[in-house]
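Student: Sequence and predicted structure, then a few things I'm wondering about:
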Amino acid sequence: MKLPTELMQKLGIHHPIVLGPMMGVGTPEMVAAVTNLGGLGSFAASALNGDGIRTIVASIREKTQGPFNINLFVQETLQPTEPELQKAFVLLNPIRAKLGLAPATPLAAYCEDFRAQLEVLIELKLPVVSFTFGLLEAESVERLHRAGSVVIGTATNLAEAHAWKDNGADIICALGSEAGGHRGTFIGSYDSSMIGTMALVPQIVDGVGLPVIAAGGIMDGRGIAAALALGAQAAQMGTAFLVTKEAGAHSSWKERIRGACDTSTRTTKTFTGRAARGIINEFMQRMQAHENDVPPYPIQNALTTDIRLAARNANLPDYLSLWAGQGAGMSKARQADIPIAILMQQLINETSQILA
Ligand SMILES: Cc1cc2nc3c(=O)[nH]c(=O)nc-3n(C[C@H](O)[C@H](O)[C@H](O)COP(=O)(O)O)c2cc1C
């Protein structure tokens with residue numbers, strides 16, 4: 001399948017398939033596998049400091065000569081107030097006790113310094129960089145361009161896509177509401193931007209005039225072909241790659257994805273302070289009444305990190321953040337622990353058959 005789209009030429013890829021950046025799941029092996037098979041591998045680097053990013057990029061560069069994408073959250077370094085922390089502790093301490101963790105205490109830091117991460121991206125002269133949760137100012141986009149990087153901005157509505165275009169982005173990733181993981185909304189309220197991929201992609205294609213990557217709910221060749229029919233020039237997939245052999249997700253998370261049905265997911269702010277789509281579990285149900293009581297991202301994210309780590313170690317998926325998109329259940333049509341090479345080949349074949 002060779003489609004001479006503008007975006008594929010810009011990125012230097014042979015197939016319109018993007019491995020979505022996935023924090024906590026992606027590995028250099030996954031990134032290189034997708035890139036070496038003609039797609040674009042992406043790595044989510046938000047949780048890493050500068051040296052961590054340098055190490056990951058070196059490891060990816062050892063495994064592939066092709067293009068790859070490093071992704072960051074555009075975020076401010078927030079400090080919680082004392083009342084905010086106390087309120088959060090009251091909600092989380094019973095869950096901590098259940099997992100054998102000591103009561104919560106304030107943390108030294110709640111996220112990495114975004115500005116320092118950005119400087120490392122510029123220093124590393126990366127082929128592709130992508131951003132979500134916010135907008136990069138034009139001057140920083142220009143510095144990334146001078147470093148040779150193609151810049152992708154994530155948008156959940158038309159205003160965000162226009163803002164990225166105005167600030168110089170090369171490509172828009174249109175993130176439909178079906179998508180697994182966090183909503184990237186930064187203009188307007190999150191709930192007014194729960195726009196499905198089917199409606200969002202063509203409106204951004206028509207309204208903005210930049211190449212668009214469609215993301216959200218795309219699980220197979222039908223989804224990729226549909227994204228192309230809507231005017232997108234590539235499809236970004238997260239959940240479909242989350243269940244591959246190479247993905248770093250806990251086996252119980254992969255099992256829940258393969259066991260999911262159409263109604264198994266919803267969005268919640270209770271794990272991280274920012275709305276994110278995942279498979280409904282006990283943590284989400286217990287915390288449902290407190291959706292609007294938790295501190296904002298990244299504070300709640302930092303406060304629940306050791307809960308999720310303990311749940312992972314104890315094999316308790318009911319206390320993990322089981323991020324997954326609305327298409328999760330479609331993954332059971334493929335073999336369990338499918339290697340990326342086989343998944344990529346199947347996606348390419350399925351798409352080619354439909355396009356033919
Ligand atoms: C576990 C998980 C983690 C994610 N982390 C990030 C991230 O760090 N940065 C980002 O831009 N998108 C992130 N996403 C979104 C994906 O890159 C992708 O856009 C999304 O999964 C597409 O929807 P789908 O899950 O329906 O395929 C994440 C998604 C998942 C499922």
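Tutor: Arrived safely.
Student: Touching, Y297 and T270? I think so.
Tutor: No: assessed by Cβ atoms under 8 Å, Y297 is found out of contact with T270, at 11.5 Å. The C-beta positions use only the backbone N, C-alpha and C, and glycine is treated the same way.
Student: Identify the residue nearest the closest residue to the ligand within the chain in space, chain neighbours excluded?
Tutor: Closest residue of the chain to the ligand, Cβ to the nearest ligand atom: G238 (2.0 Å). Among residues not flanking G238 along the chain, G20 sits closest, at 3.6 Å (Cβ to Cβ, 6 or more residues apart in numbering).
Student: how close does the one you found get to R96?
Tutor: 31 Å (Cβ to Cβ, to the nearest Å).
Student: same check, this time on T154
Tutor: For T154, the distance to R96 - Cβ to Cβ - is 33 Å.
Student: got it, and A116?
Tutor: Relative to R96, and taking Cβ to Cβ, A116 is found at 30 Å.
Student: worst-scoring helix or strand of the protein, pLDDT-wise?
Tutor: helix 6-11 (a mean of 94; mean pLDDT, DSSP states H and E).
Student: downstream neighbour of it in the secondary structure list?
Tutor: Using DSSP states H and E, the helix or strand that follows helix 6-11 towards the C-terminus is strand 17-19.
Student: Tell me which other helices or strands the next helix or strand after that next one touches.
Tutor: Moving toward the C-terminus from strand 17-19, the next helix or strand (DSSP H and E) is helix 28-36. Judged by 3 or more Cβ pairs under 8 Å, 6 or more residues apart in numbering; DSSP states H and E, the packing partners of helix 28-36 are strand 17-19, strand 41-44, helix 50-63, strand 68-73, helix 340-355.
Student: cutoff 6 Å now
Tutor: strand 41-44, helix 50-63 (3 or more Cβ pairs under 6 Å, 6 or more residues apart in numbering; DSSP states H and E).
Student: Serialize these to a markdown table and add fields for mean pLDDT and mean neighbour count.
Tutor: Converted to a markdown table, the helices and strands packed on helix 28-36 look like this (pLDDT from 0 to 100; neighbours: other Cβ atoms under 10 Å):
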| stretch | mean pLDDT | mean neighbour count |
| --- | --- | --- |
| strand 41-44 | 98 | 26 |
| helix 50-63 | 98 | 16 |
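Student: low-scoring pLDDT stretches of the stretch 151-300 of the chain, where are they?
Tutor: Residues of the stretch 151-300 of the chain meeting the criterion pLDDT under 70: none.
Student: What residues does the stretch 151-300 of the chain have near the ligand?
Tutor: By Cβ under 6 Å from any ligand atom, the part of the stretch 151-300 of the chain that sits against the ligand consists of 154, 175, 178-181, 215-218, 236-240, 242.
Student: Just want the angle from whichever strand or helix holds A302 to strand 68-73.
Tutor: For A302, the element it lies in under DSSP H and E is helix 299-313. Helix 299-313 runs at 120 degrees relative to strand 68-73, counting by axes from the mean of the first three to the mean of the last three Cα atoms, to 10 degrees.
Student: Show me what counts as buried in helix 299-313.
Tutor: 299-308, 310-312 (16 or more other Cβ atoms under 10 Å).
Student: Quick check: the farthest pair among the residues you listed?
Tutor: Using Cβ to Cβ, the two most remote members of those are I299 and R312, lying 21.0 Å apart.
Student: Neighbours of R115, how many?
Tutor: 10 (other Cβ atoms under 10 Å).
Student: In what element of secondary structure is it found?
Tutor: helix 114-123.
Student: quick one on the thing from earlier: residues contacting the residue nearest to G238?
Tutor: Q236, M237, G238 (Cβ atoms under 6 Å, 6 or more residues apart in numbering).
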